[in-house]
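Peer 1: Task: produce atomic coordinates for the following.
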Amino acid sequence: MSVVFKSRSAGSSRTKIGLISDTHNLVRPEALAYLAGCDAIIHAGDICNEAVLDALNDIAPVTAVRGNNDTGGWAVALPTHATLQVQQVTILVVHDIADVRPDPRGEGFAVVVTGHSHKPAIIECDGVLFVNPGSAGPRRFKLPVSAGMLIVEGDRATATFDSLLG
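Peer 2: The predicted model follows:
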């Protein structure tokens, strides 16, 4: 699956992409508020219910991949990998980082967005920005409930993540 996004703000050279993962059928009002105003949203899997995607689509267009807990008829339509072109940045979305091939940079990816671990992380490795927004769903262990933001300007991408529950 390949998608091209442009900023919804006329004349803007900045595209704001909300990052969310591992909602596990929970749409927190804090997550919706955090994602408000995004040009697009990426959900990195473990959605668990189509209603989650419906709620996110009310904010901005959503690109979602199937996670290991996404089952049933609605989930079959979700890809396991998605590619997005945002300005001059190519983004790979996959639920589990173990499913990323060894050389994403060689395949033309500048950003890789994953989920699965519930651990928020932003790591640059070999010229590729790896982003896991953590889990916006039910709290797991002592991990934070979080979501992320990817800002694309031309051929540059920067990422942040924030705790949703303070």
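
Peer 1: quick one, strands of this structure?
Peer 2: 2-5, 14-20, 40-43, 62-64, 81-86, 89-94, 111-113, 121-125, 128-132, 146-153, 156-163 (DSSP state E).

Peer 1: Worst mean pLDDT among these?
Peer 2: Out of these, strand 2-5 stands lowest, with a mean of 48 (criterion: mean pLDDT).

Peer 1: Redo the strands of the chain as JSON lines? Include distance to Leu56 and mean neighbour count.
Peer 2: For glycine as for every other residue, the C-beta is placed from the backbone atoms N, C-alpha and C. Formatted as JSON lines, the strands of the chain follow (distance: least, C-beta to C-beta, whole Å; neighbours: other C-beta atoms under 10 Å):
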{"stretch": "strand 2-5", "distance to Leu56": "14", "mean neighbour count": "14"}
{"stretch": "strand 14-20", "distance to Leu56": "7", "mean neighbour count": "24"}
{"stretch": "strand 40-43", "distance to Leu56": "5", "mean neighbour count": "26"}
{"stretch": "strand 62-64", "distance to Leu56": "5", "mean neighbour count": "24"}
{"stretch": "strand 81-86", "distance to Leu56": "14", "mean neighbour count": "19"}
{"stretch": "strand 89-94", "distance to Leu56": "14", "mean neighbour count": "23"}
{"stretch": "strand 111-113", "distance to Leu56": "15", "mean neighbour count": "26"}
{"stretch": "strand 121-125", "distance to Leu56": "21", "mean neighbour count": "12"}
{"stretch": "strand 128-132", "distance to Leu56": "17", "mean neighbour count": "23"}
{"stretch": "strand 146-153", "distance to Leu56": "11", "mean neighbour count": "22"}
{"stretch": "strand 156-163", "distance to Leu56": "17", "mean neighbour count": "16"}
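
Peer 1: looking at the ones you listed, which is closest to Asp54?
Peer 2: Closest to Asp54 of the strands of the chain, according to C-beta to C-beta: strand 62-64, at 9.2 Å.
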